[in-house]
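Engineer: structure of the sequence below:
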Amino acid sequence: MMVRRRRNAKIVATVGPASQHPDMLRALFLAGADTFRLNFSHGSRETHAGAYHAIRQLEREVSRPIGVLQDLQGPKIRLGLLEGGTYAVRAGDIIRFHHAAAGDPRHGLPLPHPEVFAAIAPGNQVLIDDGRVRCIVERLDHDHFDARVVTGGTVASRKGVNLPDTVLSLSPLTAKDREDLAFGLDLGVDWIALSFVQTPSDIIEARAAIGDRAGLIAKIEKPAALARISDIIALSDAIMVARGDLGVEIPSEEVPGRQKELVFDCRRAGKPVIVATQMLDSMVAAAGPTRAEAADVAAAIYEGADAVMLSAESATGRYPAEAVSMMDRIIRQTERHKLYPALVRAAEPLLEDTPAHAVSAAAADIATALPVAALVAFTERGVTAARVARKRPGVPILAVTPSERVAHRLCLFWGAHSLHAEGVRSYEEMVDRAARLVVAEALANAGDLIVVVAGIPFGAAGATNNIRLTRAR
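Structural biologist: Next up, the predicted model:
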């Protein structure tokens, strides 16, 4: 089956009860999904394994690489059990938080997390139930602290607690996460998304557990991560703008600007960036999105994001395939808009001063300036393709790699039509292979001009140093 996306930005679709059947996974792929997300905050390992094997079977049937992303749950800070189940608080109340697993809320809210009491400070915010109840810490002791309620409401047992001003001495990998991670790596997932990232050391810890068995995605959902974002991007393989949790911990009006900064910083670093959460949220229950949601997806595409993600829309919604199809149509329409090239180029970052980056940028510029049908990047680890993609050329990028693992990961990179193929051994073979593959992959017609970029000697990762103009045949 010939599958050729008519767009550059990629779609990540979350698998869940609405989409885990092989027939629906196939429908989502044909509608436009490039990478599937397995959310280990929900579902059993057996269910996720079934979805993974169905995706790999689908991949064999369509003869196209498909990416699989494992999203780890991460630590969750929650209230303990409240006697009576719920408790109402009003603005202006002073409430006490106890280091306890359960208790009478009239005497204090139980919070069974010692690391919170070790790190909290006066003036810090305590947000309960996604910020529906907001408090400011006023006084503290070793086993309790008192906070003034700013926004009142009803709290309930086991509701989530966010601490946007507090950096917790807490590993991003819980015991459950480590077991889930080992399970996912044994399955063969291509990407690991790490939750609760606060500092660069969190990435280093996760990297030690993952090694080179999968790409590492840092989910940006906490203010502490924004404060160290340059180091976190440098240590990660990709970034996810987790706008749902981030929008709880920082003011909502700051989220759009932060999103733009993260997309720009990732483009500068040559790392793929996913914009996620509530992109087509109304399609969980409706057959079409709101105009604001369509504009939200388009805004991420105009910014130059590598990928946009569906969460509940494809995992539990009533219209999973329709949501993917709608996102595909929005992306294609946006990328065809007359203002798209100028807006994407306006946000183009300065390149690093190295020969490999200069050669990759020149290849992209040539492909854009001349009547070129496609750009072929021979890449060992995906680095050459990433360097070309950061320039957002106006032609398809055929990323040819001898590594099946790299071919899967490239399903997350802007513009990359990835192909797993045997490595080339000579310059002449490289040119001949490129000229034939672009026709076989329906990216060009015989006689069309193409650009070929690679590193010589072949097999040396990251050594992009050669550009060739030739004709497809």
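
Engineer: past the helix or strand bottoming out on mean pLDDT in the chain, which element shows up next along the chain?
Structural biologist: Least confident helix or strand of the chain, by mean pLDDT, DSSP states H and E, is helix 340-346 with a mean of 89. Following helix 340-346 in sequence order, the next helix or strand is helix 355-369 (DSSP states H and E).

Engineer: each with direction, which strands does the helix or strand following that following helix pair with?
Structural biologist: Going down the chain from helix 355-369, the next helix or strand is strand 372-378, by DSSP H and E. Counting by DSSP bridges, the strands paired with strand 372-378 are strand 397-401 (parallel), strand 449-455 (parallel).

Engineer: so strand 372-378 versus helix 355-369, what angle?
Structural biologist: 160 degrees (axes from the mean of the first three to the mean of the last three Cα atoms, to 10 degrees).

Engineer: including mean pLDDT, could the strands paired with strand 372-378 go into TSV?
Structural biologist: Converted to TSV, the strands paired with strand 372-378 look like this (pLDDT from 0 to 100):
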stretch	mean pLDDT
strand 397-401	96
strand 449-455	95
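
Engineer: wait, Arg64 touches Val3, no?
Structural biologist: Yes. Look at Arg64 against Val3 with Cβ atoms under 8 Å: they come within range, at 4.7 Å. All C-beta atoms are positioned from the backbone trio N, CA, C, and that covers glycine.

Engineer: if we can go back for a sec, just the strands paired with strand 372-378: most buried one?
Structural biologist: strand 397-401 (a mean of 27; mean count of other Cβ atoms under 10 Å).

Engineer: assign Ile217 to helix, strand or coil.
Structural biologist: strand (DSSP: H, G, I helix; E, B strand; the rest coil).

Engineer: give me the element Ala13 is part of.
Structural biologist: strand 10-15.

Engineer: against which helices or strands is the next helix or strand after that strand packed?
Structural biologist: Note on strand 10-15: by DSSP H and E, the next helix or strand toward the C-terminus is helix 22-31. Here helix 22-31 touches helix 45-62, helix 320-336, going by 3 or more Cβ pairs under 8 Å, 6 or more residues apart in numbering; DSSP states H and E.

Engineer: reformat the strands paired with strand 372-378 as CSV; add distance to Ala102.
Structural biologist: Converted to CSV, the strands paired with strand 372-378 look like this (distance: least, Cβ to Cβ, whole Å):
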stretch, distance to Ala102
strand 397-401, 54
strand 449-455, 61
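
Engineer: neighbouring strands - and their directions - for the strand holding Ala13?
Structural biologist: For strand 10-15, pairing defined by DSSP bridges yields strand 35-39 (parallel), strand 307-310 (parallel).

Engineer: out of those, the one nearest Leu168 is which?
Structural biologist: Shortest distance between Leu168 and the strands paired with strand 10-15, using Cβ to Cβ, is found for strand 35-39: 22.8 Å.

Engineer: ok so, going back, switch the strands paired with strand 10-15 over to TSV; also include mean neighbour count and mean pLDDT.
Structural biologist: Formatted as TSV, these follow (neighbours: other Cβ atoms under 10 Å; pLDDT from 0 to 100):
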stretch	mean neighbour count	mean pLDDT
strand 35-39	25	98
strand 307-310	26	98
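
Engineer: same list (those strands) but as a markdown table, adding distance to His357.
Structural biologist: Below are the strands paired with strand 10-15 laid out as a markdown table (distance: least, Cβ to Cβ, whole Å):
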| stretch | distance to His357 |
| --- | --- |
| strand 35-39 | 26 |
| strand 307-310 | 22 |
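
Engineer: relative to Val116, which of those strands is closest?
Structural biologist: Closest among the strands paired with strand 10-15, using Cβ to Cβ: strand 35-39, at 25.4 Å.

Engineer: what number of residues lie near Gly257?
Structural biologist: Other residues within reach of Gly257, judged by other Cβ atoms under 10 Å, total 9.

Engineer: so which of the helices and strands packed on helix 22-31 gets nearest Leu410?
Structural biologist: helix 45-62 (13.5 Å).

Engineer: by contact count, what packs against the closest one?
Structural biologist: helix 22-31, strand 35-39, strand 67-71, helix 175-187.

Engineer: got the contact list for the third one?
Structural biologist: By that I understand strand 67-71. 12, 34-41, 48, 52, 55, 180-181, 184, 188-193, 195, 214, 217, 219, 408-412 (Cβ atoms under 8 Å, 6 or more residues apart in numbering).

Engineer: among those residues, name the buried ones.
Structural biologist: Among the contacts of strand 67-71, those scoring as buried are 12, 34-40, 48, 52, 55, 180-181, 184, 189-193, 195, 214, 217, 219, 408-412 (criterion: 16 or more other Cβ atoms under 10 Å).

Engineer: quick one: average pLDDT of the strand holding Ala13?
Structural biologist: Confidence for strand 10-15, expressed as mean pLDDT, is 98.

Engineer: now do the buried residues in it.
Structural biologist: Buried, per 16+ other Cβ under 10 Å, within strand 10-15: 10-15.

Engineer: now it against helix 45-62, angle please.
Structural biologist: 140 degrees.

Engineer: now strand 10-15, how far from the chain's geometric center?
Structural biologist: How far strand 10-15 lies from its chain's middle: 9 Å, per Cα atoms, centre = their mean, to the nearest Å.

Engineer: now stretch 45-52
Structural biologist: Distance, centroid of stretch 45-52 to centroid of chain: 20 Å (Cα atoms, centre = their mean).

Engineer: pull out the buried residues from that stretch.
Structural biologist: 48, 50-52.

Engineer: same deal with stretch 277-295?
Structural biologist: So, applying 16+ other Cβ under 10 Å, buried residues of stretch 277-295: 277-284, 289, 293-294.

Engineer: out of those residues, who's nearest Gly247?
Structural biologist: Nearest to Gly247 among those is Thr277, at 7.9 Å by Cβ to Cβ.

Engineer: can you tell me, leaving aside adjacent residues, what's nearest to that closest one?
Structural biologist: Among residues not flanking Thr277 along the chain, Gly244 sits closest, at 3.8 Å (Cβ to Cβ, 6 or more residues apart in numbering).
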